[in-house]
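Novice: Kindly generate the corresponding structure for this input.
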Amino acid sequence: MYLVRWVTKSFMGRGVVINRRRCPLVLLVNLLLQVCISAASNLHDLAKSAVITFDPPFIHDLVEGHNRTVSVSVDIPPAVFASTPSDETYRLSIGSFHPDIAASPTYSDITKSSFVYDNESRLYKVDTAVVVHGNSLGKTGLRVRLVRAENWSDVDESWKVPEKLDDTQHNLLDVWVRRSMDSERWTHIFIASVVILITVGNVLMGCELDMSAVYDTVRRPIAPAIGFAAQFVIMPLLAYGIAKTVFVSRGLFSLALGLFITGCSPGGGASNFWTLLLDGNVNLSVTMTFLSTLASLAMMPFWISLLGKEFLQGFSADFKILIPYAKITRSLVTLVVPLLVGIAIKKWKPEWAAKSRKVMRPFIIFVLIFVIVFGALTNLYMFKMMTVPALLGGLLLPWCGFMFGCFVSIIFRRPPPDVTAIAIETGIQNTGIAILVLKASFSQPDADIGAVIPVIAACFTPGPLLLGAAVHLALKRLKKRPLPMEEIKGKTSGAQEPEEVPSSMSLLQHPSGDPGRANNAAAIATIA
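Specialist: From the prediction side, this is the model:
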């Protein structure tokens, strides 16, 4: 500081004005002095110089309700250790980013006499045991700090989730909590049963699919191309943006993975029903569902490899999770191949396809009851994980999908029936495929946590559609009201009325130029 005063007086004596615009040399000297002071304080600060390591380096198999003991090692350089006062007391503090998932109630006081010199590493070190308790399913991080005892507090800014994990954060213990083995065993039984039911259902769907309607629609490729772009370009990018905004900022990487997988999934079969109910182009809807299911074999692995890596992480930068490409492809093949088998049966054995129609409706009813009852009993943990961020993400994905699908088709000036079909097909994702890919391909707890998002999205999807259907049916009834007697008498007396201009709703009900409209009856059989 004496140097700064001397430089200041020297320049002031020469008439240099530094009260408003300070001399650059003075600022440079000030900066150098601050750096030296900071380095000297760090040299004598044992807490800031400590290097903390764990054995084991991470915990990825902690079960709910169980404890795990971790050995924490604190290493201090000899120069820092020598300059540390002997009467200074420090505390080893452990804080969790998500205490509801995992936490450690233990802490220990450390003095200078607690350290022992290690000849191998040439560092002073102390080892202590920390008990980590798994509270609920999830992934979190525990930050271990060495602080002065008088400055210790269990609530401070250091327990907030870091915006970005890097290799310099070695004091983070990555903790993953999973469900018990009995609970996971029942889930495996449920998933295996669902795979069998979906396989049979896809064969039956292939037997009912009217390929002539698909061919007629593909001959005019503009609408299917718009639908494909909305399904496999807009939806993955939209899911990525929502996941980054809602989940990653809170450290909820598994929920972000579930949302992204759902956004990359093909269109769901329920879109055909809603398109029919809202007087959309059913042939286009059936074609988009069929083509997106086939394209998912390539598009889902593509997007997961491009953007999904970011969500496959924990709270340790040293541990990398690999994307299970083989498992993802195998899961998709088990869904697509039965559909092609059903199409082949209808072509080569039409009498078998005709008999399958009698089985289709009761089979779907059985599947719905089985999935709702057995699925709820084996996945009760999902109700606890439906937090506000999870509900918000599951709501935004389908509702924004409807909106963007509608806007894109309007921008390309598609007729109202095509707008309806593209918007519905974009917003409705095949959540069954998303759940199957998550459960069968990814490790725990990512699989269990990520599967919550497709369930939430499936629950929120019908909301805008029910509102739109109610408004649409109300307008149709208003148009079909009988005319008052005065208007009937006026028309019969020969009074000329101006020609009525068809509204957009009438175009939606009776679309002109809708390709393959005569084949809709056969295509609707896919919905049954």
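Novice: Do you know the pLDDT at Q313?
Specialist: Among the per-residue scores, Q313 holds a pLDDT of 79.
Novice: element containing it?
Specialist: Following DSSP states H and E, there is no helix or strand that holds Q313.
Novice: How about I52?
Specialist: Assigned by DSSP H and E, I52 falls in strand 51-55.
Novice: Send me that strand as CSV with only the CA atoms.
Specialist: Extracted in CSV, the C-alpha atoms of strand 51-55 (Å, rounded to 0.1, in the frame of the first residue of the first chain):
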residue,chain,number,x,y,z
VAL,A,51,-7.7,-31.4,-1.5
ILE,A,52,-10.6,-33.7,-0.7
THR,A,53,-10.9,-37.2,-2.1
PHE,A,54,-13.4,-40.1,-1.5
ASP,A,55,-13.1,-43.9,-1.3
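Novice: Show me what that strand is packed against.
Specialist: Judged by 3 or more C-beta pairs under 8 Å, 6 or more residues apart in numbering; DSSP states H and E, strand 51-55 is in contact with strand 67-76, strand 138-148. Heads up, the C-betas are built off the backbone N, CA and C, glycines and all.
Novice: Let me see the mean pLDDT of the next helix or strand along the chain from it.
Specialist: Moving toward the C-terminus from strand 51-55, the next helix or strand (DSSP H and E) is strand 58-63. Mean per-residue pLDDT for strand 58-63: 90.
Novice: What pairs with strand 58-63, parallel or antiparallel?
Specialist: Within its sheet, and counting by DSSP bridges, strand 58-63 is paired with strand 172-178 (parallel).
Novice: quick one: the strand it pairs with to chain centroid distance?
Specialist: Computed by C-alpha atoms, centre = their mean, to the nearest Å, the chain-centroid distance of strand 172-178 equals 20 Å.
Novice: on that earlier part again, can you list the helices and strands packed on strand 51-55 in TSV and add mean neighbour count, mean pLDDT and distance to L332?
Specialist: Formatted as TSV, the helices and strands packed on strand 51-55 follow (neighbours: other C-beta atoms under 10 Å; pLDDT from 0 to 100; distance: least, C-beta to C-beta, whole Å):
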stretch	mean neighbour count	mean pLDDT	distance to L332
strand 67-76	17	90	36
strand 138-148	22	84	26
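Novice: Next, the angle from the strand holding I52 to strand 172-178.
Specialist: Interaxial angle, strand 51-55 versus strand 172-178 (axes from the mean of the first three to the mean of the last three C-alpha atoms, to 10 degrees): 30 degrees.
Novice: Show me the shaky parts of the stretch 301-450 of the chain.
Specialist: Low-confidence segments of the stretch 301-450 of the chain (pLDDT under 70): 316-322.
Novice: quick one: the helices in it?
Specialist: Secondary structure of the stretch 301-450 of the chain (DSSP state H, counting those that start in this stretch): helices located at 325-348, 350-378, 381-384, 388-411, 416-427, 431-441, 446-450.
Novice: Dump these into JSON lines; add distance to I76 and mean neighbour count as well.
Specialist: Formatted as JSON lines, the helices of the stretch 301-450 of the chain follow (distance: least, C-beta to C-beta, whole Å; neighbours: other C-beta atoms under 10 Å):
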{"stretch": "helix 325-348", "distance to I76": "45", "mean neighbour count": "16"}
{"stretch": "helix 350-378", "distance to I76": "51", "mean neighbour count": "13"}
{"stretch": "helix 381-384", "distance to I76": "42", "mean neighbour count": "14"}
{"stretch": "helix 388-411", "distance to I76": "40", "mean neighbour count": "19"}
{"stretch": "helix 416-427", "distance to I76": "58", "mean neighbour count": "28"}
{"stretch": "helix 431-441", "distance to I76": "45", "mean neighbour count": "24"}
{"stretch": "helix 446-450", "distance to I76": "37", "mean neighbour count": "25"}
